[in-house]
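Participant: show me the folded form of this:
(2 chains)
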Amino acid sequence: MDVRTHMSMIFHLDKCIGCHTCSVACKNLWTDRKGAEYMWWNNVETRPGTGFPTQWENQEHFRGGWERKKGKLDLKLHTRLEGIFKLFYNPSLPGLRDYYEPFTFDYQNLFNSPKKDVQPIAEPISMITGDPIDIETGPNWDDDLGGSNIYAKNDVNLESLPQEVREQMNELERLVFNYLPRICNHCLNPACVAACPSGAIYKRDEDGVVLVNENDCRAWRMCVAACPYKKVYYNWNTGKSEKCILCFPRMETGQAPACAHSCVGRIRYMGVLLYDADQIPHAANVPDDELISAHREMILDPFDPKVIAAAKENGIGDDWIESAQNSPAYKFVKEWEIALPLHPEFRTMVMMYYIPPLSPVVSVTEKSLFRLDLMQEDYDFELFDRLDAARLPIKYLANLFSAGDEGTIRTVLRKLLAVRIYMRRKTVRGKVDSVSRKTLAEAGLTEEQAITMYKMTTLPTMEERFVFPNYHREMSIEAMLDPLTHKGEVGLGYIQQPKRGE
Amino acid sequence: MDWNQFFFVVFPYISFTLFVVVTIYRLVYRPFTQSSLSSQLLERKRLYWGSIPFHHGITWILLFHLLALVFPKAILFLNAVPLRLYLLELSGFALGLWALVGVVILIWRRITTPYIKAVTTTMDIVVLLLTLVSMITGVLTASLYRFGSVWFTGVFTPYLWSVLLFQPRPELVTPLPWLIQLHLVNNFIILAVFPFSRLVHILALPLDYLIRPWQLVIGMRDRKTVK
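Facilitator: Numbering: from 1, shown residues only, chains lettered A, B, ... in the order given. Predicted coordinates for the structure are as follows:
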């Protein structure tokens, strides 16, 4: 057992209101620079929808992630030799059209325009060439357009749905969408790291953050194509790849990443997960239907004395183990088993998890009026066994979060629904009846768990949502070097500007 | 000092010195600036028709030049049978033409595409023009002065070795036609410009990718040793 530590984020999708505050916080902090305008290290997509970059999940086109052939795992993008030959032109690399051309407006024209009979306008101009452009697409162009014939219907996750279900989803009365915030998944088996010919991308041992060493990056851009989530971006100005850094400078000082910290719906949780690195090769290489269970198997129980002993053997400090025990990530992923990885079939072993959305659960049309049925008591229990009546088809969620396995999604949704029913009985009637207890038991939860789940979902404090261990950065120089090495210097010493080479 | 002295004795040393010293300085102290500066994100269609012919063509041509320089006997042995000589010459000529077409497309792309103009520096143009001259003179030499692969080992191999071993023998190249001399001098210029341009990306050819492990994990300290 090779115990290692990882910082993981949980996204509670039922709580996401799609406000994009996370995206803007991230943009302001990290990607508001020349060459990075088009990058969204954090973005929020409307689902069903095609996402950003358009149709990123279509791996037949973009060739991201890993492929399992004859029991062997290989990059879908290239073999090593092919990688060298594709340095000069990579057909699988997304172009700017797949993202969008960054634009601004010529505001100066509002002030400088000569006197005319008409109002001056601020014309849209490209942020790359500076020329006037017609804006044809932009970030979140398909925001809130679930059910649209232009955008949502091209969602690749809809492909395996029966035709009549797909048509139903386009009916005005049954239109449905939810939001999917995405950052880099900081995978355990990252395809970007494996695809980088220069070896410039690496996984940080302490907390699993996947980083690009820009001094080593040579702009071969294989990472961009190999990442199945398209979360590595190429800076066209500096000629280097960039990606989400999980705000490690913030985490090292005990603050939550900007996206998580600013989250209005408080949908994000963060904490340490202990995992067994020895199990990664196996867990990434099991048949599709075993992916989730193998993944959960790999996450270790921080209360298990054997795990604690092995962790200490690996040099993991007591405070990190304690942090793992208090971790909300552990509760959601392993204890309650309601948080799932996004697209586990890409086999990169993602370490960011999603709690699939339950709402809006079910609806009926009465006298052409549209009504949610959740408030009717008896319907609750009936619904418990009728999850197929959910407006968002189970199969669709399964395509997103469990490699198409509806059983996994059903189990999770039943748990979420059972807690809702239980808590409603408790708060509305003031007492819990045997039926709701039975519902809870059928979903595989105890009353104690239900209450903790409820509290963790609805009323968590900042400290409960974000549990950060102490990084001991002050020790990282001292332990290895003479502590006086940097005395008399300013900050980290001489830093070069990230300027484009000639 | 006559021009021959300058071009074939002094200038080679200037360019070799710049090439070695500045390149090492840049790779060690300015690693951020070493990049292939790909522009595929901004424009891909013309790049496809330019970059692939150019890079694949030039790589093979350079490898053959290097082979003739380091193992002249091998080339001579290869050329001992006429059929093999014709095959080598023909394939070399074809590769050269292919690369020439590529570089012309790349120049056209760079000066006409607005997106590419936004990321173009003067040095990019200089490098492209030098490459163009190199290609044209090379292809012309191959077609006008047959058979290059035979006389190269008798003229350029000893000359370049004489320069590298600090006993320059300019008399080997002074009688050559001006076209071939231009090819030689132009390549010395490329060598001198190399460390100041995007050409340094050639040295980043990631051959170690063929053998390195898939995943890289780096920590602040080795957990096993620091407890």
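
Participant: give me the helices and strands touching the helix or strand bottoming out on mean pLDDT in chain B, please.
Facilitator: For chain B, using mean pLDDT, DSSP states H and E, the weakest element among its helices and strands is helix B:72-79, scoring a mean of 86. Here helix B:72-79 is seen to pack against helix B:45-70, helix B:82-112, helix B:148-164 when contacts are counted using 3 or more Cβ pairs under 8 Å, 6 or more residues apart in numbering or on different chains; DSSP states H and E. (Each C-beta comes from the backbone N, C-alpha and C, glycine too.)

Participant: indicate which one of those helices is closest to chain A.
Facilitator: Distances from chain A to each of those were compared by Cβ to the nearest Cβ, and the smallest falls on helix B:45-70, at 4.0 Å.

Participant: what residues sit buried inside that closest one?
Facilitator: Buried residues in helix B:45-70, counting neighbours by 16 or more other Cβ atoms under 10 Å in any protein chain shown, are found at B:46-47, B:49-58, B:60-61, B:64-65, B:68-69.

Participant: so what's residue 41 up against?
Facilitator: No chain specified, so I'll use chain A. If you count contacts by Cβ atoms under 8 Å, 6 or more residues apart in numbering or on different chains, A:W41 has them with A:C26, A:W30, A:T31, A:I183, A:C184, A:K231, A:Y233, A:E242, A:K243, A:C244, A:I245.

Participant: that's the wrong chain, I meant chain B
Facilitator: Counting by Cβ under 8 Å, 6+ apart, B:L41 makes contact with A:L93, A:P94, A:G95, A:L96, A:R221, A:Y234, A:W236.

Participant: filter those down to the buried ones, PyMOL style.
Facilitator: Selection of buried members from the contacts of B:L41 for PyMOL, criterion 16+ other Cβ under 10 Å:
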select buried, chain A and resi 93+94+96+221+234+236
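
Participant: tabulate the helices and strands packed on helix B:72-79 (TSV), appending mean pLDDT.
Facilitator: Putting the helices and strands packed on helix B:72-79 into TSV (pLDDT from 0 to 100) gives the following:
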stretch	mean pLDDT
helix B:45-70	95
helix B:82-112	94
helix B:148-164	91
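
Participant: now those helices as CSV including distance to A:G501?
Facilitator: Formatted as CSV, the entries for the helices and strands packed on helix B:72-79 read as follows, by distance: least, Cβ to Cβ, whole Å:
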stretch, distance to A:G501
helix B:45-70, 18
helix B:82-112, 17
helix B:148-164, 28
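
Participant: ok, which of those comes nearest A:E82?
Facilitator: Among those, helix B:45-70 comes nearest to A:E82, with 13.7 Å by Cβ to Cβ.

Participant: any bit of the closest one sitting next to chain A?
Facilitator: Yes - using Cβ under 8 Å from any Cβ of the partner chain, helix B:45-70 reaches chain A at B:L47, B:Y48, B:S51, B:I52, B:F54, B:H55, B:H56.

Participant: where is the longest helix in chain A?
Facilitator: The helix of greatest length in chain A, counted in residues with DSSP state H as the criterion, is given as helix A:406-424.

Participant: so whichever helix or strand comes after it versus helix A:406-424, what angle?
Facilitator: Next in sequence after helix A:406-424, counting helices and strands by DSSP states H and E, comes helix A:434-443. Between the direction of helix A:434-443 and that of helix A:406-424, the angle (axes from the mean of the first three to the mean of the last three Cα atoms, to 10 degrees) works out to 150 degrees.

Participant: quick check: buried residues in helix A:434-443?
Facilitator: Buried, per 16+ other Cβ under 10 Å, within helix A:434-443: A:S436, A:R437, A:T439, A:L440, A:A443.

Participant: next, format those residues as TSV and append pLDDT and distance to A:L145.
Facilitator: TSV is the format used below for those (pLDDT from 0 to 100; distance: Cβ to Cβ, whole Å):
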residue	pLDDT	distance to A:L145
A:S436	84	38
A:R437	88	42
A:T439	85	36
A:L440	89	37
A:A443	89	34
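
Participant: mind putting the residues you listed in JSON lines, distance to A:K153 included?
Facilitator: Supplementary listing: those in JSON lines, determined by distance: Cβ to Cβ, whole Å:
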{"residue": "A:S436", "distance to A:K153": "39"}
{"residue": "A:R437", "distance to A:K153": "43"}
{"residue": "A:T439", "distance to A:K153": "36"}
{"residue": "A:L440", "distance to A:K153": "38"}
{"residue": "A:A443", "distance to A:K153": "34"}
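
Participant: closest to chain B among those?
Facilitator: With Cβ to the nearest Cβ as the yardstick, the closest approach to chain B among the buried residues of helix A:434-443 comes from A:A443, at 37.6 Å.

Participant: now for the closest one: which residues touch it?
Facilitator: Applying Cβ under 8 Å, 6+ apart, the residues near A:A443 are A:T411, A:R414, A:K415, A:L417, A:A418, A:V419.

Participant: ok, now which ones touch A:P302?
Facilitator: By Cβ under 8 Å, 6+ apart, the residues touching A:P302 are A:V272, A:L274, A:I308, A:A311, A:I321, A:A324, A:Q325, A:S327, A:Y330.

Participant: go with 7 Å
Facilitator: A:L274, A:I321, A:A324, A:Q325, A:Y330 (Cβ atoms under 7 Å, 6 or more residues apart in numbering or on different chains).

Participant: tally of neighbours for A:G18?
Facilitator: Burial of A:G18 is recorded as 17 neighbouring residues (other Cβ atoms under 10 Å in any protein chain shown).

Participant: so where does it fall, helix or strand?
Facilitator: Using DSSP H and E, A:G18 is not contained in any helix or strand.

Participant: so how far is A:G265 from it?
Facilitator: Distance from A:G18 to A:G265, counting by Cβ to Cβ, to the nearest Å: 9 Å.

Participant: what do you get for B:T23?
Facilitator: Following Cβ to Cβ, the distance that separates B:T23 from A:G265 is 53 Å.

Participant: got it, and A:Q163?
Facilitator: Relative to A:G265, A:Q163 is positioned 34 Å away (criterion: Cβ to Cβ).

Participant: same question for A:V212.
Facilitator: When distance is defined by Cβ to Cβ, A:V212 is 30 Å away from A:G265.

Participant: so which of these two has more stuff around it?
Facilitator: A:V212 (22 against 17).

Participant: need the pLDDT of that one.
Facilitator: Predicted confidence (pLDDT) for A:V212: 96.

Participant: hmm, it is touching A:E242, no?
Facilitator: Yes - between A:V212 and A:E242 a contact is recorded at 6.3 Å, counting by Cβ atoms under 7 Å.
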